[in-house]
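A.B. asks: prediction below, plus the sequence it came from.
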Amino acid sequence: MGNREQVEKRVIVALDVADEQSAIALIDQLPQVLWWKVGLELFTSTGPKILEVLKSRQKRIFLDLKFDDIPNTVAGACRSAATYGVDLLTIHATAGRDALKAATEAAQEGATKAGVQPPKLIAITLLTSISARQLAFDLKIPLELPEYALEMALLAQESGLDGAVCSPQEVAQLRQTCGDDFLLVCPGVRPTWADIGDQKRSLTPAQAITAGANYLVIGRPITTATEPELAWKRISEELTTVG
Ligand SMILES: O=C(O)c1cc(=O)[nH]c(=O)n1[C@@H]1O[C@H](COP(=O)(O)O)[C@@H](O)[C@H]1O
């Protein structure tokens, strides 16, 4: 898939650490990383301050707050989040059609008011930590898992969102149905040498890109590695072999 610089631009590292100090240590330890994901743990700890840290280092930001609430509330949250000038923002598709539409409009409004680029709003289809068995027996969803993930992606697309978050195991099907312009972001990515942890629907970085992901989200295989720089290098090298 070409040169290393191009490849590295498609890997988003999940900055799942407890505080600002640990976050800065990792960001500075991995200067080659362009994209960082700020999720619930870090944002709850630091608030928007961490976004300024990333911006001052010219990083791209995926603000992963996974909003899931009534339309008025998710719209308000997206309006506020869009003022930060982040690149990607998440909402759960299960919030429903009205909430997804309201969120899309509100994100545009928030960004316009703040004079920044609106974030690309992407919907979680089904968390990568949920197995087919859990979907059926715990969540009582009567559809097959791939069909459910596809339905959630289509709901997001019909509601005007820019893309979806899906497991690498479903990305080929979503790409085929939703087309090339729909952004598909895949967490649940595991190199063969990394622990799977709580992820249930995983593929390797090379497999996920080959299957059609625009971006990969990778956290612990890099961030909890004894040598994060080496883990990053191994992933980057794996990806240069694709295509
Ligand atoms: O929205 C996400 O990024 C996300 C959605 C999903 O279905 N599964 C998932 O793991 N994530 C996030 O992706 C990251 C994966 O981290 P690792 O499992 O450590 O690679 C975490 O920050 C999760 O919050």
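C.D. replies: Thanks, I have the structure now.

A.B. asks: which parts of the protein are strands?
C.D. replies: The residue ranges that make up the strands of the chain, judged by DSSP state E, are 11-14, 35-38, 60-67, 88-92, 120-124, 163-165, 183-186, 215-218.

A.B. asks: those strands: which one's closest to the ligand?
C.D. replies: strand 11-14 (3.6 Å; Cβ to the nearest ligand atom). Heads up, the C-betas are built off the backbone N, CA and C, glycines and all.

A.B. asks: so where do the helices sit in this protein?
C.D. replies: According to DSSP state H, the chain carries its helices in the segments 4-8, 20-29, 40-46, 49-56, 71-82, 97-114, 132-137, 145-158, 171-178, 205-211, 220-223, 228-240.

A.B. asks: can you tell me which of the ones you listed is nearest to A14?
C.D. replies: For those, proximity to A14 was assessed by Cβ to Cβ; helix 220-223 is nearest, at 7.0 Å.

A.B. asks: quick one: list the elements packing against the closest one.
C.D. replies: strand 11-14, helix 228-240 (3 or more Cβ pairs under 8 Å, 6 or more residues apart in numbering; DSSP states H and E).

A.B. asks: ranking the ones you listed by burial, who's on top?
C.D. replies: Neighbour counts (mean count of other Cβ atoms under 10 Å) averaged over each of those peak at strand 11-14, with a mean of 24.

A.B. asks: thinking again about what came up before, from the strands of the chain, which stretch is densest packed?
C.D. replies: Comparing these on average neighbours per residue, with mean count of other Cβ under 10 Å, the densest one is strand 163-165 at a mean of 27.

A.B. asks: what about that strand, average pLDDT?
C.D. replies: Per-region confidence: strand 163-165 scores 99 on mean pLDDT.

A.B. asks: what do you get for stretch 178-193?
C.D. replies: On average, the pLDDT along stretch 178-193 is 98.

A.B. asks: now that stretch: buried residues?
C.D. replies: Neighbour-count burial for stretch 178-193, counted by 16 or more other Cβ atoms under 10 Å, picks out 178, 182-190.

A.B. asks: is any part of it close to the ligand?
C.D. replies: Yes. Applying Cβ under 6 Å from any ligand atom, one finds stretch 178-193 in contact with the ligand at 187-188.

A.B. asks: for stretch 205-221, same thing?
C.D. replies: Yes. Residues of stretch 205-221 are located near the ligand by Cβ under 6 Å from any ligand atom, namely 217-220.

A.B. asks: want to throw those into a markdown table with distance to A123?
C.D. replies: Below are those laid out as a markdown table (distance: Cβ to Cβ, whole Å):
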| residue | distance to A123 |
| --- | --- |
| V217 | 14 |
| I218 | 20 |
| G219 | 20 |
| R220 | 24 |
